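Undergrad: Sequence and predicted structure below; questions after.
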Amino acid sequence: MHDAAPRPLSAAKSESLTGRARVPGDKSISHRALMFGGLAAGQTRITGLLEGEDVLRTGAAMRAMGAQIERRGDEWVVSGTGNGALLEPKEALDFGNAGTGVRLTMGLVGSYDMETRFIGDASLSKRPMGRVLDPLREMGLQVLAAEPGDRLPITLRGPKHAAPITYRVPMPSAQVKSAVLIAALNAPGITTVIEPVATRDHTEKMLAGFGASLQVDIDGDGVRHIRIEGQPRLTGQTIAVPGDPSSAAFPLVAAVIVPGSDVIIENMLMNPTRTGLLTTLLEMGADITIVDRRNEGGEDVADLRVRGSELKGVIVPAERAPSMIDEYPVLAVAACFAEGETLMQGLEELRVKESDRLSAVANGLKVNGVDCVEGEATLAVTGQPGGKGLGGGTVETHLDHRIAMSFLVMGLAAQKPVTIDDQAMIATSFPDFTDLMRRLGARID
């Protein structure tokens, strides 16, 4: 898909944005719903699934290992293999650009006595997998073949009997934590994951919902100890996937920075491990009202009413990073229109995303006239209220969907249009992005 000729796209200064926006289902929850549904006994029915390329790759991997997955009308119906009964895939599992899918699936197969080969696109093949493979090696996994630095293509061989482990996660990473918990499903005994900095907890919530015996304790230092009992019986569930906060971030910031806007974003996931951007925008002075808070499928959900706002620069502390790691590119765009400086700290994780996201954001800002300073793990942005003098540049997206969408949002409030070098990869997480934004009144073409 990414070998086709690049298709640039531009966004230009827009009148006020108005209307209602329902963003795609949460990506993290969608991956896990297909994975755990494919593993559970019986049927799992999923509504609101994100039908982006990344999630569908996870579905294809589960099919290759014996699950039956089909779309029926508005829902996806998954008939699982039963925990412990996955089949060895006959061919390599191709994850395209899906970092979450590949890492969680490595955890899934890591405790099975079978051989599995993982491949991906050029971007995914640059991303390090060692952080996930290290704990799995402790459980008995062998890496039969890998590119230098534990990069794709990778061939794994699981042990005859996986060993339960106690593992302290060395960096805040929901993917590493989740990979170990998922591997523990096919290991006898108790596996414990120690998490010094809390990250998104969808794996724990959903595994418990499917019937796993899982306990979370927080010690006196605020460190989470997650204990899971191996070889549980998992049973199919009904899952309604709420809207993805990382996708909602784009219409949310657009409505804040385009003067006179009044937009309602429906059905957004409000899990506190995911609302760092919302917290930050409110601190900056954004006019956002949280409407109709409710609980769906064990997750907090709400609608947001967002109006055009005058923002002021703030310091975004490092400890907030895990709750908004994917939203920094679009936060940097919001900061372009704020009065004063916004300083974002604790961004080292952005260096190993779909691209070196920190550099990609800083370079995109600079070519569009923004005064910004990129540090090793920081980004400082000095805003221009009203977007005066901003825009006019073409941004290198590095095949990164969040870079692409963030800079299209910037163009809606900048003095001059902003162009991205390629729009193809937006489909990995938000296939309807351009149409949704145009319906609200955005000038994107």
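TA: The structure has been received and is ready for your questions.
Undergrad: pLDDT weak spots in the stretch 151-300 of the chain?
TA: Counting by pLDDT under 70, the stretch 151-300 of the chain shows low-confidence ranges at 297.
Undergrad: Quick one: the strands in the stretch 151-300 of the chain, in order.
TA: Remark: strands assigned in the stretch 151-300 of the chain by DSSP state E, counting those that start in this stretch are 151-157, 166-168, 190-195, 214-218, 224-229, 238-240, 262-269, 287-296, 299-307.
Undergrad: what does stretch 351-369 rub up against?
TA: Contacts to stretch 351-369, defined as Cβ atoms under 8 Å, 6 or more residues apart in numbering, come from residues 97, 99, 123, 127-128, 325-326, 328-329, 332, 336, 347, 350, 372, 374, 377, 379, 381, 384, 389-403, 406-407, 410, 414, 418. Heads up, the C-betas are built off the backbone N, CA and C, glycines and all.
Undergrad: Now for Gly73, how many residues are close by?
TA: 7 (other Cβ atoms under 10 Å).
Undergrad: same question, Glu91
TA: 8.
Undergrad: Tell me the backbone dihedrals of the residue lying closest to it once chain neighbours are set aside, please.
TA: Setting aside the residues directly before and after it, Glu91 is nearest to Ala64 in space (Cβ to Cβ, 6 or more residues apart in numbering), at 7.0 Å. For Ala64, the backbone dihedrals (degrees, to the nearest 10) come out as phi -60, psi -20.
Undergrad: do Thr81 as well
TA: Dihedral angles of Thr81 (phi, psi; degrees, to the nearest 10) stand at phi -90, psi -20.
Undergrad: Tell me how many other residues surround the nearest residue to it once chain neighbours are set aside.
TA: For Thr81, ignoring the flanking residues on the chain, the nearest one in space by Cβ to Cβ, 6+ apart is Gly66 at 4.4 Å. Residues near Gly66, counting by other Cβ under 10 Å, number 17.
Undergrad: quick one: contacts for Gly66?
TA: Here Gly66 is in contact with 38, 81, 85-87 (Cβ under 8 Å, 6+ apart).
Undergrad: mind running it again at 10 Å?
TA: Contact partners of Gly66, counting by Cβ atoms under 10 Å, 6 or more residues apart in numbering, are 38-39, 79-82, 85-89.
Undergrad: Same check on Thr116?
TA: 61, 64-65, 86, 88-89, 92-93, 105-106, 108-110, 144, 154-158.
Undergrad: now Asp400
TA: Asp400 neighbours (Cβ under 10 Å, 6+ apart): 97, 123, 329, 353-357, 360-361, 406, 422, 425-426, 428.
Undergrad: Please flag which of those residues sit within strands.
TA: Among the contacts of Asp400, no member falls in strands (criterion: DSSP state E).
Undergrad: follow-up on the earlier one: check the contact between the residue nearest to Glu91 and Thr81; I expect there is one.
TA: No. Applying Cβ atoms under 10 Å as the test, Ala64 and Thr81 come out as separate, 11.4 Å apart.
Undergrad: Spell out which residues are contacts of both of the two.
TA: Shared contacts of Ala64 and Thr81 (Cβ under 10 Å, 6+ apart): Leu87.
Undergrad: So for the residue nearest to Met410 when sequence neighbours are not counted, what pLDDT did the model give?
TA: Nearest residue to Met410, sequence neighbours excluded (Cβ to Cβ, 6+ apart): Val333, at 4.5 Å. Val333 carries a pLDDT value of 98.
Undergrad: what secondary structure does Val333 sit in?
TA: helix (DSSP: H, G, I helix; E, B strand; the rest coil).
Undergrad: Around it, count how many other residues there are.
TA: 33.
Undergrad: Quick check: Pro153 touching Ala122?
TA: No. Look at Pro153 against Ala122 with Cβ under 10 Å: they stay out of range, at 12.0 Å.
Undergrad: more crowded one of the two?
TA: Pro153 (14 against 11).
Undergrad: check contacts around that one.
TA: So Pro153 contacts 92, 94, 117-120, 125, 145-147 (Cβ under 10 Å, 6+ apart).
Undergrad: related to what we said a few turns ago, quick one, which of the contacts of Thr116 are buried?
TA: Buried members of the contacts of Thr116, scored by 16 or more other Cβ atoms under 10 Å, are 61, 64-65, 86, 89, 92-93, 105-106, 108-110, 154, 156-158.
Undergrad: and which of those is nearest Ile444?
TA: Distance to Ile444, by Cβ to Cβ, is smallest for Ala61 among the buried ones among the contacts of Thr116, at 32.9 Å.
Undergrad: does the closest one count as helix, strand or coil?
TA: Under three-state DSSP, the three-state class of Ala61 is helix.
Undergrad: so it makes contact with Arg117?
TA: No. If you go by Cβ under 10 Å, Ala61 and Arg117 don't touch, sitting 11.3 Å apart.
Undergrad: between these two, what contacts are shared?
TA: With Cβ under 10 Å, 6+ apart, Ala61 and Arg117 have common neighbours 89, 93-94.
Undergrad: for these, which one is nearest Ile182?
TA: The shortest approach to Ile182 among the shared contacts of Ala61 and Arg117 belongs to Leu93, at 14.8 Å (Cβ to Cβ).
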